[in-house]
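> Below is the sequence, then the predicted model.
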Amino acid sequence: MSQGMVTPKRVDLHVVDPQQEELILVLDFGGQTAQLIARRVRDRNVLAQLVRHDLSAERIRELRPKGLILSGGPASVYGEHSPQIDPKILDLGIPVLGICYGMQLACQAQGGAVRPGHAREFGRKELRVTQRNPLFDGVPDTSTVWMSHGDQVENISADYVELAGTDTCRFAAVKHKTQTIYGLQFHPEVTHTAFGTQLLENFVKNVCGCRGTWQISSLIEREVAALRARVGNSRVICGLSGGVDSSVTAAILYKAIGSQLSCIFVDNGMLRKGELEKVRSRFLNHFRTDLHVVDASERFLSELKGVADPQQKRKIIGRVFIEVFRKEAESIQDARFLAQGTLYPDVIESGGSADGPAATIKSHHNVGGLPEELGFELIEPLRDLFKDEVRRMGLELGLTEELIWRHPFPGPGLAVRCLGVITPERLTALREADAIVLEELRKAGLYREIQQAFAVLLPVQSVGVMGDGRTYEDAIAVRAVTTDDFMTADWYPMPYPVLQKMSTRIINEVRGVNRVVYDISSKPPSTIEWE
Ligand code: XMP
């Protein structure tokens, strides 16, 4: 999305209809992977939803889930203010799977003892299954699991049996003897646990009896119904950035409320070649509602004149964006809501899961930009979803493959790739070089293999020779990275022939550039962008 975003407020748009859908509730104790559990279950075609950890047994009964998963969390179950469950949920007759903290809670509530482990345990361990159970169908007797805990269950009550252990954790998997309550000390939701997906599938299918008929289209229908109910006859403004998240947000809103949606696209003058035309034509192909394109490029350029400091550039762009966006939004009659494409990873990275005690990792670019005093109510239909779920949703909503697989582009745009001062001439050179990089990647069939690629214009001149003359011109760096989550990234080992084409074309076709270099830094310690 663009640089302007609103502080998140928790708005739960999912209205569960227990008559229609098999539902698994994931009670959130603040673990970083709580939403990942829900997502893994959804990957098995069963609707899973993250809910507050202190949901009452009464409310849970009303929602009629087929199973409950208690997530991990950073607290100690014996800590003074540790998050607890309503103990009555263990007697509802609904299958329960406690993971890490969740297991410790269930065991403690039913007479077991939890203590700090001899050492905090993080990383891979070998799990040995000691008693066969439908939870372990398809899981070999020994397999790798991922542990991440300080405390562990030291003793189980007589009501429990152990199912599996590791050399440092005797009770790595346990089960209640008569109730359908399971506990896992390790994390089945992370990919490092070799048979984690199998274990979760076994829980939802073998233990909870789910058939697994849920589809992403059911989620769309649910969201559409919830959006209609919430928005009523009001108007919703959606800031388009040209990227996947804001486009899917607009598309789902459009499906729900049609022409009550107004979109705003701010041209900050830092767009890539042809970007504005692409956004406009995609919009016209998909939407029959109003698009406000605000050409603020001159304003941005004049405010950025002479500024070379990266932080200063970002600040100016952020401020001007808010001013421009606010002015345009105010011109739209009857607008009550502002929609934005916040995804779950943005929320968790910002520690913004207000319902859960997740620890903050970092402040994300995408949250906290547009100030709350814009005066709109916030709508975030993608707030519970991961990127690939959003992509699936976008395809289902009819957006093009090209858009869905587009590399991310930062809100401040080319400004953070035009190192040093920004001038129209330097932006033009960068824009041309960037277009060549992307074109050659596509031609080589590598665009989808790489998660982000672009050109950077360096504030460095070097000597060259062109024809018979000496040149003293700019240098372009080409950056291409592979990454799962953009938090860490590797530089991509670009085939030489592709590099060769990029370099030859950039030097021949881009005026003012006589040198091309390839960036071979990974993140960390570098970042993906240069500024
Ligand atoms: P870094 O450079 O921090 O980038 O490794 C990680 C990802 O975030 C994108 N990025 C931004 N996105 N506004 C955005 O919307 C920004 O200010 C911004 N800065 C970096 C970057 O392109 C990469 O995908």
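Thanks, I have it. Residues are numbered from 1 along each chain as shown.
> quick one: the helices in this protein?
Remark: helices assigned in the chain by DSSP state H are 34-43, 57-63, 101-109, 196-201, 216-231, 244-257, 275-286, 297-304, 310-330, 344-349, 387-396, 401-404, 424-443, 496-509.
> what would those helices look like in JSON lines with mean pLDDT?
Output for the helices of the chain, formatted as JSON lines (pLDDT from 0 to 100):
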{"stretch": "helix 34-43", "mean pLDDT": "92"}
{"stretch": "helix 57-63", "mean pLDDT": "92"}
{"stretch": "helix 101-109", "mean pLDDT": "96"}
{"stretch": "helix 196-201", "mean pLDDT": "97"}
{"stretch": "helix 216-231", "mean pLDDT": "93"}
{"stretch": "helix 244-257", "mean pLDDT": "97"}
{"stretch": "helix 275-286", "mean pLDDT": "94"}
{"stretch": "helix 297-304", "mean pLDDT": "98"}
{"stretch": "helix 310-330", "mean pLDDT": "94"}
{"stretch": "helix 344-349", "mean pLDDT": "65"}
{"stretch": "helix 387-396", "mean pLDDT": "93"}
{"stretch": "helix 401-404", "mean pLDDT": "94"}
{"stretch": "helix 424-443", "mean pLDDT": "98"}
{"stretch": "helix 496-509", "mean pLDDT": "98"}
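> mind checking which of those is nearest the ligand?
Across these, the ligand has its closest neighbour in helix 310-330 (6.1 Å, CB to the nearest ligand atom). Every C-beta, even on glycine, is put in place using the N, C-alpha and C of the backbone.
> buried residues in the closest one?
Neighbour-count burial for helix 310-330 flags 310, 313-314, 316-318, 320-322, 324-326, 328-329 (criterion: 16 or more other CB atoms under 10 Å).
> winner for burial among the helices of the chain?
Mean neighbour count, computed with mean count of other CB atoms under 10 Å, is highest for helix 101-109 among the helices of the chain, reaching a mean of 26.
> And the contacts of it?
27, 29, 31, 69-75, 77-78, 84-85, 87, 90, 96, 98, 114, 149, 151-153, 156-157, 160, 171, 174, 181, 183-185 (CB atoms under 8 Å, 6 or more residues apart in numbering).
> I'd like to know which of those are buried.
Looks like the contacts of helix 101-109 have 27, 29, 31, 69-75, 77, 85, 90, 96, 98, 114, 149, 151-153, 156, 160, 171, 174, 181, 183-185 buried, using 16+ other CB under 10 Å.
> Report the separation between the closest residue in space to R115 that isn't next to it in sequence and P188.
Leaving aside its chain neighbours, R115 sits nearest to E154 (4.4 Å; criterion: CB to CB, 6 or more residues apart in numbering). Plainly put, E154 is 22 Å away from P188 if you go by CB to CB, to the nearest Å.
> Make CSV out of the helices of the chain and add distance to G209.
Below are the helices of the chain laid out as CSV (distance: least, CB to CB, whole Å):
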stretch, distance to G209
helix 34-43, 14
helix 57-63, 17
helix 101-109, 20
helix 196-201, 13
helix 216-231, 19
helix 244-257, 31
helix 275-286, 40
helix 297-304, 57
helix 310-330, 49
helix 344-349, 28
helix 387-396, 24
helix 401-404, 34
helix 424-443, 47
helix 496-509, 52
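> residue ranges with poor pLDDT in this protein?
1-20, 119, 347-372 (pLDDT under 70).
> Most distant residue from the centre of it?
D468 (52.4 Å; CA atoms, centre = their mean).
> Can you show me the CA trace of stretch 36-48 as CSV?
C-alpha atoms of stretch 36-48 as CSV (Å, rounded to 0.1, in the frame of the first residue of the first chain):
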residue,chain,number,x,y,z
LEU,A,36,-0.4,-18.8,11.4
ILE,A,37,-2.2,-21.7,13.2
ALA,A,38,-5.5,-20.4,11.8
ARG,A,39,-4.0,-20.0,8.4
ARG,A,40,-2.7,-23.6,8.4
VAL,A,41,-6.1,-24.9,9.3
ARG,A,42,-7.7,-22.8,6.5
ASP,A,43,-5.1,-24.3,4.2
ARG,A,44,-6.7,-27.7,5.1
ASN,A,45,-10.0,-26.2,3.9
VAL,A,46,-11.5,-25.7,7.3
LEU,A,47,-12.5,-22.1,8.4
ALA,A,48,-10.4,-21.1,11.3
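> how far does that stretch sit from the chain's center?
Distance of stretch 36-48 from its chain centroid, counting by CA atoms, centre = their mean, to the nearest Å, is 15 Å.
> can you list the residues that contact it?
By CB under 8 Å, 6+ apart, stretch 36-48 touches 16, 21-26, 49-50, 66, 69, 71, 99, 188-190, 196-197, 200-201, 204-205, 210, 212-215, 218-219, 384-386, 389.
> how about the residues of the stretch 401-531 of the chain near the ligand?
P408, P410, G411, P412, Q452, F486, K523, T527, I528, E529 (CB under 6 Å from any ligand atom).
> G30 and W491, how far apart?
For G30, the distance to W491 (CB to CB) stands at 34 Å.
> Kindly report the same for G73.
According to CB to CB, G73 stands 36 Å off from W491.
> Same question for V463.
Using CB to CB, we find V463 at a distance of 27 Å from W491.
> Compare those two (neighbour count), which wins?
W491 (17 against 10; other CB atoms under 10 Å).
> now the strands for the stretch 1-150 of the chain?
Shown for the stretch 1-150 of the chain, the strands assigned by DSSP state E, counting those that start in this stretch span residues 23-28, 47-52, 67-70, 96-99, 113-129, 142-155.
> With L304 as the reference, name the closest of these.
Distance to L304, taken as CB to CB, is lowest for strand 47-52 among the strands of the stretch 1-150 of the chain, at 40.9 Å.
> strands paired with that closest one, and their directions?
Under the criterion DSSP bridges, strand 47-52 sits next to strand 23-28 (parallel) in its sheet.
> What are the buried residues along the strand it pairs with?
Using 16+ other CB under 10 Å as the test for burial, strand 23-28 gives L23, I24, L25, V26, L27, D28.
> Can you tell me which of those is closest to the ligand?
Nearest to the ligand out of these is D28 (CB to the nearest ligand atom; 25.7 Å).
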